[in-house]
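*Asks:* The amino acid sequence is not available; the structure is as follows:
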């Protein structure tokens with residue numbers, strides 16, 4: 001259907017993928033739990049824009065890119081700490097939240113809405129629920145002093 005260019009990426013390197021509201025494609029290669037988490041950013045037409053090197057908290061052995069919001073903040077699920085890290089494109093922490101223990105069986109990362117709301121599913125073979133986690137972006141204020 002589309003006549004666009006294709007970009008071939010080695011399947012061995014792709015861990016997770018997310019598309020931002022503005023159409024940029026974020027690809028997270030598989031991560032070995034060492035050093036910074038790399039995320040490759042591509043334009044909607046497949047042009048490589050940059051490589052993000054995001055710091056991960058100590059003790060994290062698995063990180064999964066969940067999505068990107070309107071501001072370009074990246075949502076990353078970390079294990080075994082069971083936390084979601086919200087990082088800006090410079091790697092600064094915008095928010096960090098503990099995900100509550102599953103009431104059913106296991107969390108499955110879901111979808112990041114443009115406004116930053118994270119939806120996750122909690123499911124087992126017999127039960128299913130969707131949980132919404134909402135965060136507000138913090139803003140710093142500076143006051144003009146005479």
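*Replies:* Structure's in. What do you need? Since this is a predicted model, take the numbers as computed values, not measurements. Numbers count the residues shown, from 1 in each chain.
*Asks:* Residue 110 against residue 118, yeah?
*Replies:* Yes: using CB atoms under 8 Å, residue 110 makes contact with residue 118 at a distance of 7.3 Å. C-beta here means a position set from N, CA and C on the backbone, and glycine is covered the same way.
*Asks:* which of the two has more neighbours?
*Replies:* Neighbours around residue 110 and residue 118, counted as other CB atoms under 10 Å, are more numerous at residue 118. The numbers are 23 against 17.
*Asks:* The closest residue to that one other than its chain neighbours: how many residues sit nearby?
*Replies:* Spatial nearest neighbour of residue 118, excluding adjacent residues (CB to CB, 6 or more residues apart in numbering): residue 133 at 4.4 Å. Neighbourhood size, residue 133 [other CB under 10 Å]: 17.
*Asks:* How about the contacts made by residue 133?
*Replies:* By CB atoms under 8 Å, 6 or more residues apart in numbering, the contact list for residue 133 reads 84, 97, 99, 117-120.
*Asks:* Which members of these are positioned in strands?
*Replies:* The strands in this structure, assigned by DSSP state E, contain 84, 97, 118-120 from these.
*Asks:* And those residues, which of them are buried?
*Replies:* When the ones in strands among the contacts of residue 133 are checked for burial by 16 or more other CB atoms under 10 Å, the buried set is 84, 118-120.
*Asks:* pLDDT and distance to residue 22 added to these, as CSV?
*Replies:* Converted to CSV, these look like this (pLDDT from 0 to 100; distance: CB to CB, whole Å):
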residue, pLDDT, distance to residue 22
84, 85, 22
118, 86, 19
119, 84, 20
120, 80, 23
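*Asks:* Quick check: the farthest pair among the ones in strands among the contacts of residue 133?
*Replies:* 97 and 119 (13.8 Å; CB to CB).
*Asks:* one step back: can you pull the residues that touch both of residue 110 and residue 118?
*Replies:* residue 66.
*Asks:* quick revisit: identify, from the contacts of residue 133, the entry nearest to residue 37.
*Replies:* In terms of CB to CB, no member of the contacts of residue 133 lies closer to residue 37 than residue 84, at 13.5 Å.
*Asks:* Quick check, that closest one in contact with residue 99.
*Replies:* Yes: the criterion here is CB under 8 Å, and residue 84 meets it with residue 99 at 6.0 Å.
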